[in-house]
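Q: requesting a structural model of the entry that follows:
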Amino acid sequence: MPKTGATGLTRIINAFGYSMKGITSALRYESAFRQEAFLFVIMLPLAILLGRTYLEYILLIGCLFIVLIVELLNSAVEAVVDHVSPDFAELAGRAKDMGSAAVLISLLNVFLVWGFIAVDRFL
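A: Numbers count the residues shown, from 1 in each chain. Okay, the predicted model is just below:
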């Protein structure tokens, strides 16, 4: 049975609204996302100063976006797990730990990208 609903431009506009609602919710309810968004705002101008080529700008800024993306996905997993399984469950805990690990790896990626570019630039 085909899915019914908005199509075309209406669907795109609705999707944008849902996305903005998700970002607003993350900023309101997720302290980790707020912290990472704050770091993004601080590090974005630094990326402009540190980078020398378009490729470096893309790497420096892109890895910051990846952290926000992964944090949003982690927060979504945590919200669903908490809703479905309010009591402790091993699989639920594993899912939340894996989401946290994904955020950690994305932050390590920032450290590596920024570190290598900074070393190349200054040493």
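
Q: output the below-cut-off pLDDT ranges for the protein.
A: Along the chain, the parts satisfying pLDDT under 70 run over 1-3.

Q: the helices in this structure, which residues?
A: Taking DSSP state H, the helices of the chain run over residues 8-29, 31-50, 54-84, 90-122.

Q: any idea how many residues pack against residue 118?
A: Neighbour count of residue 118, defined by other Cβ atoms under 10 Å: 13. In short, each C-beta sits where N, CA and C put it, glycine included.

Q: just name the most buried of the helices of the chain.
A: Counting by mean count of other Cβ atoms under 10 Å, helix 54-84 has the highest mean neighbour count of those, with a mean of 16.

Q: compute the inter-axis angle for that helix and helix 90-122.
A: 160 degrees (axes from the mean of the first three to the mean of the last three Cα atoms, to 10 degrees).

Q: please compute how far helix 54-84 lies from its chain's middle.
A: Remark: helix 54-84 is offset 2 Å from the chain centroid, using Cα atoms, centre = their mean, to the nearest Å.

Q: before we move on, what about stretch 113-122?
A: Once both centres are worked out by Cα atoms, centre = their mean, stretch 113-122 turns out to sit 23 Å from its chain's centre.
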